[in-house]
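A.B. asks: pasting the structure only:
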């Protein structure tokens, strides 16, 4: 497990409520020197996960700073999540579950503890976050705002007027 440098991109297909969903996951570095790069990725995000190290008090202390950045650069309705990572390192833990949960509750965001090394709660988190997103997000409204018609009859009628032209 190595730290992110700049930005890394992954995509993953998961099944949610019997539907295949493609997740695009942008892993942005948390280091201050990458801040100008990473904030531009907030604008198009539908969900943002802030991850801190349960074995480092300093990373926990920066959570609110990162959430301020999200509030400043992301869409107003972006979903926010908080993950405490390295839950497998029980003897090195510096932040208690109760302390992290209290912060998440005060900030009104979902919280979960994971271990990327041991794959603990990673898949569960993405399932829960995706279900929550799909339940809250109005896809029809978003497409209408983008100028896409979801009325198939209207599309058929518009195509008849093109008289066998391409595009």
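C.D. replies: Nice, I can see it. As the structure is a prediction and not an experimental result, all values here were calculated from the model.
A.B. asks: just the helices in the protein please.
C.D. replies: Taking DSSP state H as the criterion, the chain carries its helices at 35-42, 57-61, 63-73, 97-107, 122-136, 139-145, 152-160.
A.B. asks: worst average pLDDT in the ones you listed?
C.D. replies: Comparing mean pLDDT across these, the weakest is helix 152-160, with a mean of 44.
A.B. asks: is it true that residue 95 touches residue 57?
C.D. replies: Yes. Applying Cβ atoms under 8 Å, one finds residue 95 in contact with residue 57, separated by 6.7 Å. Bear in mind the C-beta positions are built from the backbone N, C-alpha and C, glycine included.
A.B. asks: which of these two has more residues huddled nearby?
C.D. replies: Per other Cβ atoms under 10 Å, whichever of residue 95 and residue 57 has more neighbours is residue 95, with 21 against 12.
A.B. asks: read off the pLDDT value for that one.
C.D. replies: 98.
A.B. asks: distance of residue 26 from residue 127?
C.D. replies: Separation of residue 26 from residue 127 (Cβ to Cβ, to the nearest Å): 19 Å.
A.B. asks: cool, residue 79 as well?
C.D. replies: Distance check for residue 79 against residue 127: by Cβ to Cβ, it reads 14 Å.
A.B. asks: one more: residue 97?
C.D. replies: 21 Å.
A.B. asks: now do residue 57
C.D. replies: On the measure of Cβ to Cβ, residue 57 and residue 127 end up 30 Å apart.
A.B. asks: so how far is residue 97 from the closest residue to residue 92 other than its chain neighbours?
C.D. replies: Leaving aside its chain neighbours, residue 92 sits nearest to residue 55 (4.3 Å; criterion: Cβ to Cβ, 6 or more residues apart in numbering). Distance from residue 55 to residue 97, counting by Cβ to Cβ: 14 Å.
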